[in-house]
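Q: Task: produce atomic coordinates for the following.
(one chain, ligands or ions: 2)
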Amino acid sequence: MRYSIAARVSFVSVAVAAFTLAIPVASAAQSLCTALPPPTGRVIEVTPLQAANLPSIVQSAATGDTIQLADGTYQLPQTLVFRSPGVTLRSKSGNDAAVILDGRYAVGDLLLITESNVTIADLTVTRAYFHPIHVAPETHSTTGTLVHHVRVIDGAQQFIKINPNNGYYADQGVVRCSWLQLTDAGRTQVRDNCYTGGVDGHQAAGWQIYENVFSGFWCSAGLSEHAIHFWTGSRDTVVDRNLIVNAARAIGFGMGENWPVYRTYADQPCGGRTGLGHYGGAITNSFIYANDPRLFASAAGFDAGIGLEQSCATAVLHNTVFSTAPPFSSIEWRWSQTTATIANNIVSHNLRPRDGAFAALAGNITSAPASLFVDASTGDLHLRPTATAAIDKAVALNPALAWDIDSAPRGTLPDVGADEFAGWTFTLTVPATALAGTSIEVRWSGPAGQVTGDDWIGLFASGAADSTPSDVRYTGGAAAGTTSFNAPGVAGRYEFRYFNGNTAVPVTTSSPIDVTVPTIPAPPPPVDTVAPTVSITSPANGQTVRKQIEGQGGGSRQRRRHAGRVVCRWRADDDIDDAAVYLAMEYKQRQARHPRPATQGV
Ligand SMILES: [Ca+2]
Ligand SMILES: [Ca+2]
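A: Ligands and ions are numbered 1, 2, ... in the order given. Okay, the predicted model is just below:
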C-alpha cells in the first residue's frame, strides 16, 4: 500500500511518491479485539497448584496444543520456554486479570518464545527480572507470534522484547488489545539508568502493534526506552490505534545516526541504503498523552511523542499528541537518512526536524489547545464538536486512512488527528409529564469513546441557565443507563441536560417535561336518608300545665293569668343536618271557649 498526499498539496505528493508502505492492519474499519475462538486442538488444563510443573508442561507441549490456565496466581519457578511452534497459552476464563504469571523479579524472562506461531492470550504476566515476554529464535527465523489481550505489568527491562539470535529473526508478530504498564512499585525495580520500555523490537520485520494501552514508561533518573520502539534495521512496522499515557518517549522508529547493529534485506528497500534504523512502516491513529507532573519533573522529562531516527519512507499520520507541559518534541524526525510523510497530526506543542532529516508535512495542527478535545485534563483526546480547526480539515491521502482510533470509518472528509468526529449521539429519554414530587425516570446514552466519569445529568427549569440545575445525577462514566429524579414541587415546564466531561455546555437536552401539582377536590357531602325520630318528653299531649306563670308586673289580672311559658324538651336520634323539626302544641286556655292551636318552629 502506498501513501501520498493528494494533488492539492502538490509538493507533498511529489515528495512521498517514492514511499511504499505496507499497511496490513485491518483493511476494514473494525476492532480486532474480539475474543479468540475456542481451542481446536488438544487442550491441556492446568491449575495454580501445578505452577511448579508449568515450565515442563510448556516445554513439552506439541504443535496445536492449547495450555489452558485456571484462574489464579502462578508463582513461576523459572522461565516458560516455548520450543514447539503453534502452541497457545491462555486463560480458561478469558479474564486477563484472573490468571497471573508472577516472576517476583526472581525469574529473568517469564515467557521465552523461540518458535513460530505461539499465542499468548487473556492473562497477566508480571514482575520479570528481565522481560515478561521475550521473543528470540534459536535455530531458525520465526514468524507469527501473537500477544492478544495480555496485561504485561512491570518488567525490570523491556516488557516485550524481540531479538534476533544467531542470525535468525523474529518477524511478522502481533501485539494487540493488550495493556503494558510500568507501575510506581515496578518503577523502583528498574535498573541501569532506566533500562526498560514497552515493546522493543530489534531487526524485526512486519510487526503490528495495535489497539493497546501503554502507561508509565519513565524514571526519575535516566531515560526510558519508548513504549513502542522498533530499530536496528526493523522494517514495515505498523503501529495503529494505541493509547500511550505518560511515557517519556511514546513511539520510536530507529535510534542514533550510526547504530552499529542493523539488518539488511534482499529486496533492498529505500534504494538499497543500509545501516538505517527503520525501513518503511506507519505510525497512525495514536493518542499520546502526558500529564504526570512526576514525568515532567524527571531527569529526562517528556522527551518525545513520536521520534524517527534514520527511518526511511515512514508515514506518521493522524496521530494526536497532547501534553500538559512542553515536551522536547511532540513529533521529531532526525538524521539525514530519515524521510517521512508527517500528515494530519494534532500536537499540543511542536513538530521538530533535527539534523538534516526530511519530512513532507501537510495537514498538521501544532500548538493545539485543550479546547479541541473532549477532556484533555484526563486524556480523552476525542474531538469536540467545536473543534472546527480539525473536523473535516485533513488533507487527502492516497490511499486514505480508512478508520480512526475508535476503528470507526473516516468517511470522505477526514478529520485531523487520531479521532474522526462522528457527531454527538448522546440521548436523554424522559416522560412528557410528571406529578410534583413523584419519581421521574431518565434514560441516557452516549458514545462509549466519549463518555467520561465526570459526565452528569441536570434537571433544569425550562430556560434556566446551565449553571443553575435544580438537581444533578452523575452517570459514573457509563455509556448508557437509567437514573431517577424527584419531580419538582412547583408546577411548570422542565428539562434535563447532559454534560459531557468537565464542560459547562450540555451536549444534549431532553424533550420538555410538564410537572403538575395535583388539586385535591372537597369531599362530597354525606347523604342521610334516615328520617330522625323525635321524641317530646314534656309536656305530654293533653297534659295540663299549671301555674308555670311568670307574672308580668302590672297590667290586668287577665293578662297575668294568660302570661306564662311552657317548656318542651325534644330529642332526635339522628343527625338531622339542616332538616327542620316543628313542634306543634295545642293548648287550652282554662276558660277558653275555643281551643287554639299554635305552632312554633324550632
Ligand atoms: Ca470528518
Ligand atoms: Ca471517533
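Q: which stretches of the stretch 351-500 of the chain have low pLDDT?
A: Residues of the stretch 351-500 of the chain that meet the criterion pLDDT under 70 lie in 449.
Q: any idea how far ligand 2 is from residue 296?
A: 28 Å (Cβ to the ion, to the nearest Å). For glycine as for every other residue, the C-beta is placed from the backbone atoms N, C-alpha and C.
Q: sec struct for residue 371, please.
A: helix (DSSP: H, G, I helix; E, B strand; the rest coil).
Q: Could you give the number of residues near it?
A: Number of residues near residue 371 (other Cβ atoms under 10 Å) recorded here: 11.
Q: check contacts around it.
A: 384, 386, 387 (Cβ atoms under 8 Å, 6 or more residues apart in numbering).
Q: Please tell me how far the first one sits from residue 291.
A: Distance, residue 384 to residue 291, by Cβ to Cβ, to the nearest Å: 18 Å.
Q: Look at the two and report which has more neighbours.
A: Taking neighbours as other Cβ under 10 Å, residue 384 and residue 291 compare with residue 384 leading, 25 against 17.
Q: so that one touches residue 374, yeah?
A: Yes: under the criterion of Cβ atoms under 8 Å, residue 384 makes contact with residue 374 at 5.7 Å.
Q: Helix, strand, or coil at the closest residue to ligand 2 within the stretch 401-550 of the chain?
A: Using Cβ to the ion, the closest approach of the stretch 401-550 of the chain to ligand 2 is made by residue 406 at 4.0 Å. Recorded secondary structure, residue 406: coil (three-state DSSP).
Q: What about it, how many residues nearby?
A: Residues near residue 406, counting by other Cβ under 10 Å, number 19.
Q: can you pull the contacts of it?
A: Taking Cβ under 8 Å, 6+ apart as the contact definition, residue 406 lies against 382, 419, 420, 422, 449.
Q: what about the third one, distance to ligand 1?
A: Taking Cβ to the ion as the measure, residue 420 falls 6 Å from ligand 1.
Q: And residue 259, by the same measure?
A: 40 Å.
Q: Retrieve the pLDDT associated with the residue nearest to that residue when sequence neighbours are not counted.
A: Excluding its sequence neighbours, the residue lying closest to residue 259 (Cβ to Cβ, 6 or more residues apart in numbering) is residue 232, at 5.8 Å. At residue 232, the pLDDT value in this model is 98.
Q: Quick check: residue 232 touching residue 203?
A: Yes: contact between residue 232 and residue 203 holds when scored by Cβ under 8 Å: they sit 5.2 Å apart.
Q: what residues are shared contacts of these two?
A: Common neighbours of residue 232 and residue 203 (Cβ under 8 Å, 6+ apart) are 261, 262, 263.
Q: Any chance of the residues you listed in a markdown table with pLDDT, secondary structure and distance to ligand 1 as columns?
A: As requested, the shared contacts of residue 232 and residue 203 are arranged in a markdown table below (pLDDT from 0 to 100; DSSP: H, G, I helix; E, B strand; the rest coil; distance: Cβ to the ion, whole Å):
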| residue | pLDDT | secondary structure | distance to ligand 1 |
| --- | --- | --- | --- |
| 261 | 91 | coil | 43 |
| 262 | 94 | coil | 40 |
| 263 | 97 | coil | 39 |
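Q: Which of those are buried? Put it as a PyMOL command.
A: In PyMOL, a selection of the buried entries from those looks like this (16 or more other Cβ atoms under 10 Å):
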select buried, resi 262+263
